[in-house]
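Participant: Have a look; sequence and predicted model below, questions after that.
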Amino acid sequence: MRTTTRFFIFVISWIFFFGGCVTVKLNTGGGERANGVVVREPRKPFTSADRPEVDAAWINKNNGNLISYLTDCNDPSDPPLNQIVGGALSGLAELKVNSDERVTVQGREGRRVYATGKVDGVLSEIDLLAFKRNHCIYILTYLGVQKSFNEDRDAFNAFISGFRAP
């Protein structure tokens, strides 16, 4: 599952790069990225962050919170949503899933998961939305250290509302 590995690498690198922040890895060894995605970028204090592991990312440099999205198209393994979500959460030690909802995203079934755990001993939280559409996997994530996580949840909800997969 290429998408899960790439995302996991992203979460781990986030912690090291921002010192006390989070990153997770998705296994995407060479998958195609989606074309035609429409995104409403998060507003300030978020700024664009160059993160090659994902399609796009924005960081709040005041607290290290991160919003990103990752796409993986035409994966021959076609993993189910529960495997995609499980892979995305695999980078968190002492994982506690606080909520796991089945949602409809652009007419497709999706999963929205909010979880807490530790990355390299740092208490962290993740809110993610995963869905599939037109042979592509989409994973929208919001990552942060526990102490500042709630500061930008509204920004992530606005990001989800402005996201359109082709």
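Facilitator: Received, thanks. Being a predicted model, the structure only gives us computed values, none of them experimental.
Participant: do you know how far Gly36 is from Cys136?
Facilitator: 10 Å (C-beta to C-beta, to the nearest Å). C-betas here are computed from N, CA, C, even on glycine.
Participant: what about the two, which has more around it?
Facilitator: Cys136 (21 against 8; other C-beta atoms under 10 Å).
Participant: Can you tell me how far the more buried one is from Asp50?
Facilitator: Distance of Cys136 to Asp50, given as C-beta to C-beta: 22 Å.
Participant: Identify the residue nearest the geometric centre of the protein.
Facilitator: Centroid check for the chain by C-alpha atoms, centre = their mean gives Thr141 as the closest residue, at 2.5 Å.
Participant: for it, what are its contacts?
Facilitator: By C-beta atoms under 8 Å, 6 or more residues apart in numbering, the contact set of Thr141 is Phe7, Val24, Leu66, Ile67, Ser68, Tyr69, Leu70, Ala88, Ile126, Asp127, Leu128, Leu129.
Participant: which SS state does Tyr114 fall under?
Facilitator: strand (DSSP: H, G, I helix; E, B strand; the rest coil).
Participant: What number of residues are in the vicinity of it?
Facilitator: Counted by other C-beta under 10 Å, the residues lying close to Tyr114 total 17.
Participant: now it, which residues is it bridged with?
Facilitator: Ser99, Asp127 (DSSP bridges).
Participant: Give me the nearest residue to Gly162, chain neighbours excluded.
Facilitator: Arg40 (2.7 Å; C-beta to C-beta, 6 or more residues apart in numbering).
Participant: Show the residue spans covered by the strands in this structure.
Facilitator: Along the chain, counting by DSSP state E, strands occupy 24-26, 46-49, 56-60, 66-73, 93-105, 108-119, 122-133, 136-145.
Participant: buried stuff in the fifth one?
Facilitator: Going by neighbour count (16 or more other C-beta atoms under 10 Å), the buried part of strand 93-105 is Val105.
Participant: Give me the residues contacting that strand.
Facilitator: Strand 93-105 has contacts (C-beta under 8 Å, 6+ apart) with 85, 89, 109-119, 129, 131, 133, 138, 165.
Participant: Which entries within these meet the buried criterion?
Facilitator: Buried subset of the contacts of strand 93-105 (neighbour count, 16+ other C-beta under 10 Å): 85, 89, 110-117, 119, 129, 131, 133, 138, 165.
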